[in-house]
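In: need the 3D shape of this:
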Amino acid sequence: MICEKDKRFVPFKKHRSVGEFDKIKDTYYNISHDEFEEKITNGDFIQYHQRYGRYYGISEEVLLSYLEKDEIPIIHIGRIENYIAFLGNIVSFQKKHNLSLEVIHIQLWETAENLRARIVNREKNDDEAAKRIAAMVQEFDDNIELMRKGKKPYTLILKNSEINETCATIIKYVDHEPHEVVGYDEFWGYLKKLEKKKDRIDLSSLALADETEKKRDWTKKTIPNAISGIKFDGVVILKNTKTDSKKLNLDHCFFEYINIKEESEEIRTFRFVSCKIEQVRFFNCETDIHYADCYIDKLILDGRSKIAKLDIEGCSVGTIILEKGTTIDRLSITGDSNVNMIDCRDGDIGNIVINNSKVEYIRINHKVGNISLGNGASLERFSIEKEHAFKEFTKALKEKRKIASKGTFSEKIAEAQCQKSIFLAALSQYGSDHKFDEADLCLVNLRSIECAIKRIESRNIFIKVYHIAENFIVGGALGWGVKISNTLLTAVIMMLVFASIFYYKISDERSLLGCVKVSIENFFNLNSSEIIPRLGNLDLLEQIVGVIMLTIFTGVIVRKIIK
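Out: Okay, here's the model as predicted:
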């Protein structure tokens, strides 16, 4: 409406990532999740963030296009941390393009009751409405935190009760200089009233939520150590919630959305038993989490959460997502659990232990310490998105294999089979993605593991030696496609093998160095200056081997160039 009233103003068109079932909105540049992440890598955004399960970004190119036309862009920035990130990057943006800009940060607010009514009235999809109500509560929490700390990041704060009046006030404010800080008193007063809630609540008698209630906020409440039998079709918020023992046990509960933000470390352990949860988000938490016999559609770690132990026992889990900066020291999946996806592209996991359970897909972007599979565990697909991280991971597995080789017979076999499962799962992903290096590395490791299993299982010393040699050849020298140096090493070995045979045949005519010279000439099909009849067909055989090796070497180089 501001843009309709005053043509100097334009609504800033953000980039937004969309999924297969997302509604396309003309107010955004709608691109796929992968395209958005590619733009992040290229540094195309002044600021970006994730919300409602999507990416949103402020493109440098788009902002510049508005400024070049002397237009005033209105940017919906979202949460306060997004504004702080934007403000930090806008400084370098101005220097880069030799600009002098002023950023006016406006906070529009209404009472929580009115906002909730607006959201429900606007969003026809209950799922989307629940997400936005949760976001509303989160924003009020953020502002209460700012109020407590005495911080004033906004230039203008307006209660948006009557839209025409709001528009007129904003236009007048922008045109009038200097821009003084306005509107905190009324807003801070409302936040103080919102903050005054009853401290201790008794949940033991609750079974079903009120049909009209879509949110239950347990922020800064003291609740029982154990909650049983609660069913809630809405958003439950636990923020700095207290219990008497710093533990919270929930059993036979249903939660549609449960958001947990325990930055005060009041609750150190969460235990869920026989619960059904559509979505649970841990934000900025440092806790232990245990699930037993639960159904969880989506488990999200966000806001730099640091989880020491996440135990999943006998559960069915859709997706575990680690957002940026989050870590899990140990993830344990046991008791015939079934996990569809562990998506830690933006977070790190120290150790993953899978026992007697099935995991469909593990996707990692940064690093993972160790993956252990045992007692009939299966991993269908596995990938690390960064090439250097995958090589570090395989290097760590090789070191682990060396340590395991000193164990008992059963320990050696179990470790080899575990690593074989990981590489098979990785190969299924990298092969379909046409990632040459990683797929080749998987194949070489699989060959090496197969040799190790045969060597361990065999009691015959000659067969053991044979498999050691086989491992050296297929795992090292003949690891074609992984390293050019492997192919060169193989060629050198072949030339030396033929030279030693020649020396055996004609040592009375040639020195060892002379035999090496003859072998090199044959290998590269450079006809020797003289024919040596005593070598028979060995000359021809080496020439054939040389042609094959040179062809492979050329293929490896071409493949690298194509990649």
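In: okay, CA-based contacts and neighbour counts for the rest of this
Out: OK.
In: need the phi and psi values for the most centrally placed residue in the chain.
Out: Computing the C-alpha centroid of the chain and ranking residues by C-alpha atoms, centre = their mean puts residue 345 first, at 1.3 Å. Main-chain dihedrals, residue 345, degrees, to the nearest 10: phi -60, psi -30.
In: ditto for residue 246
Out: According to degrees, to the nearest 10, residue 246 has phi 60, psi 20.
In: and residue 309, helix, strand or coil?
Out: Taken by DSSP: H, G, I helix; E, B strand; the rest coil, the conformation at residue 309 corresponds to strand.
In: just checking, it touches residue 286?
Out: No - using C-alpha atoms under 8 Å, residue 309 makes no contact with residue 286, being 9.9 Å away.
In: so for those two, which sits in the more crowded spot?
Out: residue 286 (24 against 18; other C-alpha atoms under 10 Å).
In: give the contact list for the closest residue to the more buried one other than its chain neighbours.
Out: Distances taken as C-alpha to C-alpha, 6 or more residues apart in numbering place residue 306 nearest to residue 286, at 4.8 Å, with adjacent residues excluded. Neighbour list for residue 306: 284-287, 326-329 [criterion: C-alpha atoms under 8 Å, 6 or more residues apart in numbering].
In: any idea of the pLDDT on the residue nearest to the centre of the chain?
Out: Confidence at residue 345, expressed as pLDDT, is 72.
In: contacting residues for it?
Out: Residue 345 sits in contact with 322-323, 363-366, 385, where contact means C-alpha under 8 Å, 6+ apart.
In: just the buried ones from those?
Out: 322-323, 363-366 (16 or more other C-alpha atoms under 10 Å).
In: hmm, which two among those residues are most spread apart?
Out: Farthest apart among those by C-alpha to C-alpha are 323 and 363. That separation is 12.5 Å.
In: mutual contacts of those two, please.
Out: 344-345.
In: picking up where we left off before, mind checking which of the buried ones among the contacts of residue 345 are in strands?
Out: 322, 363-364 (DSSP state E).
In: between those residues, which sits nearest residue 514?
Out: Proximity of those to residue 514 (C-alpha to C-alpha) peaks at residue 364, which lies at 53.7 Å.
In: my guess is the closest one meets residue 381, correct?
Out: No - assessed by C-alpha under 8 Å, residue 364 is found out of contact with residue 381, at 11.3 Å.
In: quick one on the thing from earlier: want to try JSON lines for the buried ones among the contacts of residue 345, with distance to residue 19 and pLDDT as columns?
Out: Converted to JSON lines, the buried ones among the contacts of residue 345 look like this (distance: C-alpha to C-alpha, whole Å; pLDDT from 0 to 100):
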{"residue": "322", "distance to residue 19": "19", "pLDDT": "91"}
{"residue": "323", "distance to residue 19": "18", "pLDDT": "88"}
{"residue": "363", "distance to residue 19": "18", "pLDDT": "88"}
{"residue": "364", "distance to residue 19": "20", "pLDDT": "86"}
{"residue": "365", "distance to residue 19": "20", "pLDDT": "80"}
{"residue": "366", "distance to residue 19": "24", "pLDDT": "77"}
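In: got the contact list for residue 368?
Out: 348-351, 393.
In: for residue 354, helix, strand, or coil?
Out: Relying on three-state DSSP, one would call residue 354 strand.
In: can you get me a residue count around it?
Out: 25.
In: swap in residue 98?
Out: 9.
In: any idea how far residue 80 is from residue 153?
Out: Distance, residue 80 to residue 153, by C-alpha to C-alpha, to the nearest Å: 8 Å.
In: just residue 286 next, same as before
Out: 28 Å.
In: now the one helix or strand residue 63 maps to - C-alpha only, CSV.
Out: Residue 63 is part of helix 60-68 when elements are defined by DSSP states H and E. Only the C-alpha atoms of helix 60-68 are listed here, as CSV (Å, rounded to 0.1, in the frame of the first residue of the first chain):
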residue,chain,number,x,y,z
GLU,A,60,23.1,-8.0,-4.2
GLU,A,61,22.2,-7.7,-7.9
VAL,A,62,18.5,-7.0,-7.2
LEU,A,63,19.2,-4.4,-4.6
LEU,A,64,21.7,-2.6,-6.9
SER,A,65,19.1,-2.5,-9.7
TYR,A,66,16.6,-0.6,-7.4
LEU,A,67,19.3,1.8,-6.2
GLU,A,68,20.4,2.6,-9.7
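In: give me the residues contacting that helix.
Out: 12-13, 44-46, 72-73, 93.
In: farthest pair in these?
Out: 44 and 72 (20.6 Å).
In: still on that earlier bit, what are the buried residues along the helix or strand just after the helix holding residue 63?
Out: As assigned by DSSP H and E, the chain's next helix or strand after helix 60-68 is strand 72-74. Neighbour counts over strand 72-74 (16+ other C-alpha under 10 Å) mark 72-73 as buried.
In: tell me the strands beside strand 72-74, with direction?
Out: strand 9-11 (parallel) (DSSP bridges).
In: now do the partner strand: distance to the chain's middle.
Out: 35 Å (C-alpha atoms, centre = their mean, to the nearest Å).
In: and the following helix or strand past that strand, average pLDDT?
Out: Counting by DSSP H and E, the next helix or strand C-terminal to strand 9-11 is strand 14-17. For strand 14-17, the mean per-residue pLDDT is 92.
In: what element comes up after strand 14-17 heading to the C-terminus?
Out: That would be, after strand 14-17 and using DSSP H and E, strand 28-31.
In: just checking, next helix/strand downstream of that next one?
Out: Counting by DSSP H and E, what follows strand 28-31 is helix 33-42.
In: so for that following helix, what gets flagged as buried?
Out: Applying a neighbour-count criterion of 16+ other C-alpha under 10 Å, one finds 36, 40 buried in helix 33-42.
In: what's the average pLDDT for it?
Out: 90.
In: remind me what that helix packs against, helices and strands.
Out: strand 14-17, strand 54-59 (3 or more C-alpha pairs under 8 Å, 6 or more residues apart in numbering; DSSP states H and E).
In: those strands: which one's closest to residue 194?
Out: strand 54-59 (29.5 Å).
In: give me the angle between the closest one and helix 33-42.
Out: 40 degrees (axes from the mean of the first three to the mean of the last three C-alpha atoms, to 10 degrees).
In: what's in contact with strand 54-59?
Out: In contact with strand 54-59 (C-alpha under 8 Å, 6+ apart) are residues 14-18, 33, 36, 44-50.
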